[in-house]
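Enquirer: Got a sequence here, can you build the structure:
(chains A and B)
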Amino acid sequence: MGHLHPELSPQRVLQPGSPLVLTGDDEEQLLARLKRRDEAAFNQLVRLHQGAVYRQLLRVLGDAAEAEDLAQEVFVTVFKAIESFRGESRLSTWIHRIAQNHARNRLKFHGRRKRKGDSALDDNIEDNVAAPETGSRIPRPDHQVEAQQAEANIRKAMTLLDEEQRTLIVLRDLENMSYEAIQQVTGLPSGTVKSRLHRARMALHENFRALSEGSEGRS
Amino acid sequence: MTSDEARELFSAAYDAQLTPDEQQAFDRLLEAAPELAREYAEFCATLAAVRTDAPAPPDLLIGVQTRLRNASGGRYYKDRFAQRSGVARLPPWLVMIALSVLLSLAWLGFRLLHVIQVAP
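Expert: Numbers count the residues shown, from 1 in each chain, chains lettered A, B, ... in the order given. Next up, the predicted model:
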């Protein structure tokens, strides 16, 4: 069950920690304000979508600083291009598509740099996988170590996939998007989404298993 | 259904996209093949591990606002403090000259005070 943001529907109560979900009417109101370049509405939009966009980029890029930098770029693009949004999909789907395009360009850029012998991003990923973000609960130390190792392995396993595979997994398994929404973001036909998602998941599972076995062997 | 055929259905099974017949055959095979059942459980655990509750950095919005202010030449997200104080409207060279004059006057005043105090 979703809750509406108080700025849009002041009469409704927003529960702490609950997901922010807009109804179609609220989204239309927000969109109208965004097209008038209303700064408060844009702040609202960023607050609503920043978590999802950041997590999408974190999983695709595997690097927290890169993800933050690119998330900012994504919202700048959203601000500049909001006039071109015609409402053919949900606003969130459109924002994810922009994030995917930015991530693709960033990965291409790093791919070119890597081919020239600069492996800075890989070093960053290696550094960052050891410092995963954690929730507010305080786990037992042994569980914490296991969780950190699992997080490090999943991030590394994600980086071993190609960009399309990462995106499909992020949209489906992180953002819980429907196949239809994934189609709209990626531009892939429905059957292709399912088959490529399956291959991506199997590849991720293989990578994760190999990395987990490797880390168990070392410890 | 063979084990390889069942593996091809892992993703659809995880998304609850199997037809009732497929689901029945899939479940029967997993019951009969514990190794395959373990493999499917690990597959599900891997996908569950993709989930992260990493929150967005707290200053992400401020970063976006700063970029927009810079990109629009100050048209959007104007610096309210600078705007209120009027500093933003002055050209930087004029601010520098004004500051230099102020500093010079302060120094002169200090020297004058020193001379007055030293003089008998």
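
Enquirer: From now on I want contacts and neighbour counts done on CA atoms only, so please keep to that.
Expert: OK.

Enquirer: Skip ahead from the helix or strand bottoming out on mean pLDDT in chain A and say which helix or strand is next.
Expert: Lowest by mean pLDDT, DSSP states H and E among the helices and strands of chain A is helix A:120-129, with a mean of 48. Scanning forward in sequence from helix A:120-129 by DSSP states H and E, the next helix or strand is helix A:141-159.

Enquirer: what's the burial count for residue B:68?
Expert: Here the number of neighbours of residue B:68 (other C-alpha atoms under 10 Å in any protein chain shown) works out to 23.

Enquirer: tell me which parts of chain B are close to chain A?
Expert: By C-alpha under 8 Å from any C-alpha of the partner chain, the part of chain B that sits against chain A consists of B:8, B:10-12, B:42-43, B:46-57, B:60-61, B:63-64, B:67-68, B:76-77.

Enquirer: mind listing which of those are in helices?
Expert: Members of these lying in helices (criterion: DSSP state H): B:8, B:10-12, B:42-43, B:46-50, B:60-61, B:63-64, B:67-68.

Enquirer: Please check the residues you listed and keep the buried ones.
Expert: For these, a neighbour count by 16 or more other C-alpha atoms under 10 Å in any protein chain shown gives the buried set as B:10-12, B:43, B:46-47, B:49-50, B:60-61, B:63-64, B:67-68.

Enquirer: mind checking the SS state of residue A:89?
Expert: coil (DSSP: H, G, I helix; E, B strand; the rest coil).

Enquirer: do you know how far it is from chain B?
Expert: 23 Å (C-alpha to the nearest C-alpha, to the nearest Å).

Enquirer: What of residue A:211?
Expert: According to C-alpha to the nearest C-alpha, residue A:211 stands 12 Å off from chain B.

Enquirer: And the residue nearest the centre of chain A, how far from residue A:88?
Expert: Geometric centre of chain A, nearest residue: residue A:56, 0.8 Å, by C-alpha atoms, centre = their mean. Distance, residue A:56 to residue A:88, using C-alpha to C-alpha, to the nearest Å: 22 Å.

Enquirer: cool, residue A:187 as well?
Expert: Taken as C-alpha to C-alpha, the span from residue A:187 to residue A:88 is 13 Å.

Enquirer: Neighbour count for those two, which is higher?
Expert: Remark: of residue A:187 and residue A:88, residue A:187 carries more neighbours, 13 against 9, as counted by other C-alpha under 10 Å.

Enquirer: Give me the below-cutoff pLDDT ranges for the chain.
Expert: Chain wasn't specified; assuming chain A. For chain A, the stretches with pLDDT under 70 are A:1-24, A:115-143, A:216-219.

Enquirer: my bad, the chain I had in mind was chain B
Expert: Looking at chain B by pLDDT under 70, you get B:80-89, B:119-120.

Enquirer: switch the cut-off to 90
Expert: B:1-3, B:51-54, B:72-75, B:77-96, B:110-120 (pLDDT under 90).
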